[in-house]
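Undergrad: Predicted model and sequence below, questions to follow.
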Amino acid sequence: MPRKRPFVASLNEVRITRDGETAIIEYADPDVWTTHFKLGAEVQTMSDEEILERWNRGVEATEDFIAEQVYVAVEIPPGRPQLQWAERAEQWTPRGGVVRGIVLGGDKNAPGVEVDGREMSWAAFGTTMTTYAGWGFRLCFVPDDEIYEPPTIVVRDPDDADA
């Protein structure tokens, strides 16, 4: 069962700690994932109430945005950057809803991907995906010379002998 999305909470439903410029918001419900909420140096002087108020405003804005949308995945045209640097979050984030890349080899402890000609570890690539925390995803593998073509997808169990 998928984990639950963070929700607008009261102080008795979360535990807030700080790590540098980040507030760590841990929900009492273990099925809701813990969030690392980057606020900057001011986090050290903010009360838990102030942090939670700011967090809850963001959750409400996200919920409102999702409720109003009919989602259409946007794919960035070939040759245009698919990732952008988010200064505030200090991480790469997708510019669209589709990211094309190449799975790189390497030793088993440091495999990676290449997106926009930039090599990234899977951990760094995974961090870019936190932009879509709480969303579902589909990962489709295609030959490297077909990453710009919409894939043909067949729904079946690969172990099904009748397929």
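TA: Right, received. Where do you want to start?
Undergrad: switch to C-alpha atoms for all contacts and neighbour counts from now on
TA: Will do.
Undergrad: quick one, domains of this structure?
TA: 11-68, 83-146 (automatic domain parsing).
Undergrad: export those domains to TSV and tack on mean pLDDT, mean neighbour count and distance to D160?
TA: TSV is the format used below for the domains of the chain (pLDDT from 0 to 100; neighbours: other CA atoms under 10 Å; distance: least, CA to CA, whole Å):
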stretch	mean pLDDT	mean neighbour count	distance to D160
domain 11-68	92	15	33
domain 83-146	86	14	20
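Undergrad: want to try JSON lines for those, with distance to D159 as columns?
TA: Putting those into JSON lines (distance: least, CA to CA, whole Å) gives the following:
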{"stretch": "domain 11-68", "distance to D159": "32"}
{"stretch": "domain 83-146", "distance to D159": "18"}
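Undergrad: Out of the ones you listed, which gets nearest to E75?
TA: domain 83-146 (4.9 Å; CA to CA).
Undergrad: And that closest one, end to end?
TA: 20 Å (CA to CA, to the nearest Å).
Undergrad: Ok, stretch 70-83 next?
TA: 23 Å.
Undergrad: Show residues contacting that stretch.
TA: For stretch 70-83, the external contacting residues (CA atoms under 8 Å, 6 or more residues apart in numbering) are W92, T93, P94, R95, G96, G97, V98, V99, R100, V115, D116, Y148.
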